[in-house]
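Student: Give me a model of this one.
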Amino acid sequence: MQIIKTDGLTKYYGKNRGIIDLNLCVEEQEFFGFIGPNGAGKSTTIRTLLGLIKQSGGSAEIYDMDTVKYKRKILKQVGYLPSETAFYPRMRVRELLKFSAGLRRADCGQEAARLCERLRLDTSRFCDELSLGNRKKAAIVCALQHNPELLILDEPTSGLDPLIQREFFEILHERNRKGATVFLSSHVLSEIQRHCTRAAIIREGRMAACGSVETLAGTGAKRITVHGEVHPENLPGVQDLSAGDGSVRFLYTGDMNELLRFLANCHVTDLTVAEPDLEEVFMHYYAEGGNTK
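Tutor: Numbers count the residues shown, from 1 in each chain. Have a look, this model is predicted:
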């Protein structure tokens, strides 16, 4: 079942670009990554999906329901974590969590307590006294305490220390194994590669690529590290070249036989050929424009 589906989804802010002709599909129980730097259109996409802002063109559906027509019904089934949060200042965290649950007319006390314990969130603190990390923890609990079927998370780990990040992702994987669909927006590529099964790359408001994480990383390029006297800057297929400590590193998309013939005429003391990681592939899409889909 397709949980999220968009067709030509477009949003302009006056004459300024938000997102353009976005076609996206997320299947039930996927752990889906949405990748792009700040300003690429990730938050605009999410806010449009949730009906928080109105699209300029195209359509979006969640659970086969139009996101404009059935916004309230959809929001009851979604746990949304915005990239930035704002709370009532003189409200304590425990009051905030109860208030959030009350908006859904749900008793979330037990689940909220479990989440607060795992995330080490002090519920006696006033919201305006919270650090960035603790504000993010409180927002996470608000998003998850009602056990939603769909989690839409916009830059969820900013401000969290590494131990809490690890616990947070363990919670997400537990929910995913129980049937929840996770839509994770992030510019931290290692998070996407480590946790997601499929991902989409958004570039300047347009879809640059979409597929399994393995497929996105498997573009045919190789990460080459050569030790010795080697100067491959004019060799076709060499990208992202760097040098230092008697070695050169580059991303190679050319003919491997041609590379070997080139290296045979150089003084090489060591050679490593490896698959590029997702971050290198991502930078390739942004440097070269990628293949828009």
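
Student: going forward, measure contacts and count neighbours with C-alpha atoms only.
Tutor: Noted.

Student: Which parts of the stretch 101-250 of the chain are helices?
Tutor: With DSSP state H, counting those that start in this stretch applied, the stretch 101-250 of the chain shows helices at 109-119, 132-144, 162-177, 189-195, 213-217, listed in chain order.

Student: Pull out the buried positions in the second one.
Tutor: For helix 132-144, the buried set under the neighbour-count rule, 16 or more other C-alpha atoms under 10 Å, comprises Gly133, Asn134, Arg135, Lys136, Lys137, Ala138, Ala139, Ile140, Val141, Cys142, Ala143, Leu144.

Student: which secondary structure elements does that helix contact?
Tutor: Contacts defined by 3 or more C-alpha pairs under 8 Å, 6 or more residues apart in numbering; DSSP states H and E place helix 132-144 against strand 78-81, helix 93-103, helix 109-119.

Student: Can I get these in JSON lines including mean neighbour count and distance to Val273?
Tutor: JSON lines is the format used below for these (neighbours: other C-alpha atoms under 10 Å; distance: least, C-alpha to C-alpha, whole Å):
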{"stretch": "strand 78-81", "mean neighbour count": "22", "distance to Val273": "40"}
{"stretch": "helix 93-103", "mean neighbour count": "18", "distance to Val273": "51"}
{"stretch": "helix 109-119", "mean neighbour count": "16", "distance to Val273": "40"}
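
Student: possible to save these as CSV with mean pLDDT?
Tutor: Supplementary listing: the helices and strands packed on helix 132-144 in CSV, determined by pLDDT from 0 to 100:
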stretch, mean pLDDT
strand 78-81, 96
helix 93-103, 95
helix 109-119, 97
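
Student: okay, those in a markdown table with distance to Leu251 next?
Tutor: Shown next, in a markdown table, are those (distance: least, C-alpha to C-alpha, whole Å):
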| stretch | distance to Leu251 |
| --- | --- |
| strand 78-81 | 36 |
| helix 93-103 | 48 |
| helix 109-119 | 39 |
